[in-house]
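Enquirer: The following block contains a protein sequence and its predicted model.
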Amino acid sequence: MSNSDRYARLFEPVKIGPLTARNRFYQVPHCCALGHIRPQAHAAMREVKADGGWAVVSTEETEIHPTSDISPYAEQRIWDERDIPALKLMTDAVHAKGALAAIELAHNGNHAGNLYSRTPPLGVTDMQVDIGYPKQARRILKKEIKAFRQWHRDAALRAKAAGFDVIYVYAGHRMTLTHQFLLPDMNTRIDEYGGSLENRARLLQELLIDTREAVGDTCAVAFRFAVDEMKGPEGMQASEEGRAVVEMMAELPDLWDVNVSEWDNDSLTTRFEPEDGYQVKYMEFVKSVTTKPVVGVGRLSSPDMMLSLVKRGVMDFIGAARPSIADPFLPNKIQNGEIESIRECIGCNICVSCDNIGIPIRCTQNPTMGEEWRQGWHPESIPKKQSDKRVLVVGAGAAGLECTMQLAKRGFDVFLSEKSDTAGGRCLRESTLKGLSAWRRVVDHRVHEISQQANAQIFWDSDLSPDEIIELECDDVIIATGCHWRNDGVGQHQALGIPGLDRLNVYTPDDVMDGTKLPGHTVIYDQEQGYLGGVIADHLATTSKALSFVTPGSVVSAWTTYTLEQARVQKSLIEENVNIVANKRIVRASEGGVTLRCVFTEQEETLQCDNLILLTQRAPNAGLYNELKAVIDAGGKASMPSLHLIGDAEAPAMIVDAVYSGHKMAREIDMDAAAIDAILYRREIPSLSS
Ligand code: ADP
Ligand code: SF4
């Protein structure tokens, strides 16, 4: 059976109300921090998904009214008619590629701080806003509920005018007023909108009916609903009220888009939920309750799993946010039998972190994500070479692999020289740590793709000297030799290092990844406060009897707040009895311990230990680059190669940055500097009209 036959069920058209979706692939709403402030970038990103075969392509949440202003986050806006042209950019682009366009209308209730509109936020009850700003939402009055229904209805009409086919009512993530009405721990009203489930669900029912009346003649009405809050009897459960809500409104929408709440549960990382498809157990009842099509999510990237979910009647549509970000061409690849070429999501939530930071979306697996408009990048097509250069790439980490793969796809003759006998560098090494095994997918995808290119060759165990590199007579040499963790304590707060380290057993994450055994009491000093410190602690906690985690931050792995993991990281270390010492810097080491200083009071104390693991700073492995540069600068040969430095060897950062750096290099190798700058600094300029 050919692949297209095998997966034919995934490509059946499915009716959604008055419309027909061309297949079962459904890009559910997902944020991207492009939103209303970068409408052209937004349209271009969604267009690529439609081009990649998704039958429905959705926006992120779209604020329906100035009382739902979630500034500074850049989501969509449909406050009034003036928002229509920007949204129409997306619907036109998506329609041109044969997909339906969906819009997730949202009023954020107490999740909207209204920091731009400065209107008092509206909540189901008087309640603190949940965005970390000391301000309260006030209880929406009954007469205002009437106005609220009108706002939602007007927004639906504007969405229709903007060309959207599927219009959402959204009750999920505790982020929308309708969800907040539904949840008993938020809704303490005593009017007909509070109390019993029927009362708490009243507003939702009204919105579903209003929306259908307003736009249901030509548009489909979708209902996004979190069936379970994943906190047992403390919250809404799929076995109790979650199911009752679906039963109550079973036939009201044209489509059920069901997930779990809150966002950190809905977008669980592989570190804390390695199983793809983890949401199925919560939502699989839905199809037995409604005759309407059902879409579900949970990092669904395996075609066999998708097929099984459809065949077993769990869902009609394969919903995806992250798998569609990692590989916008997932549907087309399945249909064309290119299963091996799928870039599987690694569940790292770098994409999510962008929204939380407020920067355009990016993805570890897909370096073109968010760059479709600015740099004109496309995940599956890259310009053919403009010259016949022979290129040597040194180092087969994330940067070198991506660069080699893309250069080969462009048609260049590429040689990849790797010092060790395996590809993957830091990415592969980190994948051996607890919870990070999915990191391997970054390596495996690229190694496979390179193996398909006759014009790319990898040399293993190859430690070329500068002279040997010159002898190869390549036109360009790209150094991607990575970086290593420093063991001298040099870091942001101590440019000269930590004194006294010679009196202790000092290690770095590199030693842990090498499997070095650390008997006795180990202190991890996480000055970096990224993800790795917490991973190392979690990894060692299973074998170490005495482990302390010292950080200048007030929580463990502060950066992971952006990837929605921080609470789980801290919980895990607490449960493993790791001694967490927050708000302290290590200022000295001595025999048998370290001296800590409070970051606020400068008060000092000592902490006994046998071993110290330092995450203070990394040092680029730029030795080969520097030696080669000296040889090239000295001249002596008629033609010397152009030399480039990329990835962690240029500036240590995250894996997402190394992949991006390798990709960029491959595209720019035959571009002149002015052309590169023109693309890189392209931006959307706001219009001066009001
Ligand atoms: P990045 O994240 O920038 O891709 P990595 O540390 O992941 O960097 O990968 C660097 C890779 O380069 C590793 O696989 C390492 O073994 C390899 N490497 C380092 N120095 C050399 C060298 N002199 N010659 C060939 N390969 C090297
Ligand atoms: Fe998946 Fe990570 Fe890409 Fe997000 S950034 S889509 S989690 S690989």
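Expert: Happy to help now that I have it. Ligands and ions are numbered 1, 2, ... in the order given.

Enquirer: contacts, neighbours, all on C-alpha from now
Expert: OK.

Enquirer: need the helices for the stretch 101-250 of the chain, in chain order.
Expert: Using DSSP state H, counting those that start in this stretch, the helices found in the stretch 101-250 of the chain span residues 142-161, 177-182, 197-200, 202-215, 241-248.

Enquirer: Could you do the stretch 501-650 of the chain as well?
Expert: 509-513, 532-541, 566-575, 623-634.

Enquirer: Can you check what angle separates the third one from helix 532-541?
Expert: Spelled out, it's helix 566-575. Calculated by axes from the mean of the first three to the mean of the last three C-alpha atoms, to 10 degrees, helix 566-575 forms an angle of 30 degrees with helix 532-541.

Enquirer: Would you confirm that S437 contacts S431?
Expert: Yes - assessed by C-alpha atoms under 8 Å, S437 is found in contact with S431 at 4.4 Å.

Enquirer: Look through the stretch 101-250 of the chain and state the residue closest to ligand 2.
Expert: Closest to ligand 2 within the stretch 101-250 of the chain is H173: 18.0 Å, counting by C-alpha to the nearest ligand atom.

Enquirer: ok, that residue - how many residues close by?
Expert: Look at H173: counted by other C-alpha atoms under 10 Å, it has 21 neighbours.

Enquirer: wait, isn't it in contact with V260?
Expert: Yes - between H173 and V260 there is a contact under C-alpha under 8 Å: 7.4 Å.

Enquirer: shared neighbours of the two, anything?
Expert: A226, D266 (C-alpha atoms under 8 Å, 6 or more residues apart in numbering).

Enquirer: so what's the closest residue to ligand 1 within the stretch 451-600 of the chain up against?
Expert: Among the residues of the stretch 451-600 of the chain, G482 lies closest to ligand 1, at 3.2 Å counting by C-alpha to the nearest ligand atom. Contact analysis of G482 by C-alpha under 8 Å, 6+ apart lists G395, G397, G425, R426, P620, N621, A622, G647, D648, A649, E650, P652.

Enquirer: related to what we said a few turns ago, the helices of the stretch 501-650 of the chain into a markdown table, with extra columns for distance to ligand 2, mean pLDDT and mean neighbour count?
Expert: As requested, the helices of the stretch 501-650 of the chain are exported to a markdown table (distance: least, C-alpha to the nearest ligand atom, whole Å; pLDDT from 0 to 100; neighbours: other C-alpha atoms under 10 Å):
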| stretch | distance to ligand 2 | mean pLDDT | mean neighbour count |
| --- | --- | --- | --- |
| helix 509-513 | 22 | 98 | 18 |
| helix 532-541 | 15 | 98 | 21 |
| helix 566-575 | 15 | 98 | 16 |
| helix 623-634 | 30 | 96 | 15 |
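
Enquirer: Give me the phi and psi angles of the residue of the stretch 451-600 of the chain closest to ligand 1.
Expert: Main-chain dihedrals, G482, degrees, to the nearest 10: phi 70, psi -160.

Enquirer: Kindly report the same for A250.
Expert: Main-chain dihedrals, A250, degrees, to the nearest 10: phi -40, psi -50.

Enquirer: any idea how far it lies from ligand 1?
Expert: As judged by C-alpha to the nearest ligand atom, to the nearest Å, A250 and ligand 1 stand 49 Å apart.

Enquirer: I'd guessed that residue sits against T290; true?
Expert: Yes - between A250 and T290 there is a contact under C-alpha under 8 Å: 4.9 Å.

Enquirer: Is there a neighbour count for F181? I'd like the number.
Expert: For F181, the neighbour count with other C-alpha under 10 Å is 29.

Enquirer: Same question for S465.
Expert: The burial count for S465: 12, using other C-alpha under 10 Å.

Enquirer: Can you tell me the closest non-neighbouring residue to it?
Expert: L624 (7.7 Å; C-alpha to C-alpha, 6 or more residues apart in numbering).

Enquirer: got the contact list for the residue of the stretch 551-690 of the chain found nearest ligand 2?
Expert: Closest residue of the stretch 551-690 of the chain to ligand 2, C-alpha to the nearest ligand atom: V656 (7.6 Å). Each residue near V656 by C-alpha under 8 Å, 6+ apart is listed here: I350, R362, C363, T364, Q365, P367.

Enquirer: Now S417, what are its backbone angles?
Expert: Main-chain dihedrals, S417, degrees, to the nearest 10: phi -100, psi 120.

Enquirer: And the pLDDT for it?
Expert: On the pLDDT scale, S417 is placed at 98.

Enquirer: Enumerate the beta-bridge partners assigned to it.
Expert: Applying DSSP bridges to S417 yields these beta-bridge partners: V394, F459.

Enquirer: Could you give me the buried positions within stretch 188-204?
Expert: For stretch 188-204, a neighbour-count test (16 or more other C-alpha atoms under 10 Å) marks 188-189, 193-195, 197-204 as buried.

Enquirer: Would you reformat those residues as TSV and include pLDDT and distance to K333?
Expert: Listed next are the buried residues of stretch 188-204 as TSV, based on pLDDT from 0 to 100; distance: C-alpha to C-alpha, whole Å:
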residue	pLDDT	distance to K333
T188	97	49
R189	97	50
Y193	98	47
G194	98	48
G195	97	49
L197	97	44
E198	98	45
N199	98	46
R200	98	44
A201	98	41
R202	98	43
L203	98	42
L204	98	38
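
Enquirer: same for ligand 2: which of the residues you listed are within range?
Expert: Here nothing survives when the buried residues of stretch 188-204 are matched to ligand 2 using C-alpha under 6 Å from any ligand atom.

Enquirer: Identify, from those residues, the entry nearest to G500.
Expert: Nearest to G500 among the buried residues of stretch 188-204, counting by C-alpha to C-alpha, is T188 at 59.1 Å.

Enquirer: which residues does that closest one contact?
Expert: V124, T125, G194, G195.

Enquirer: close enough to count as contact, the last one and R189?
Expert: Yes - G195 is in contact with R189 according to C-alpha under 8 Å; the separation is 6.6 Å.
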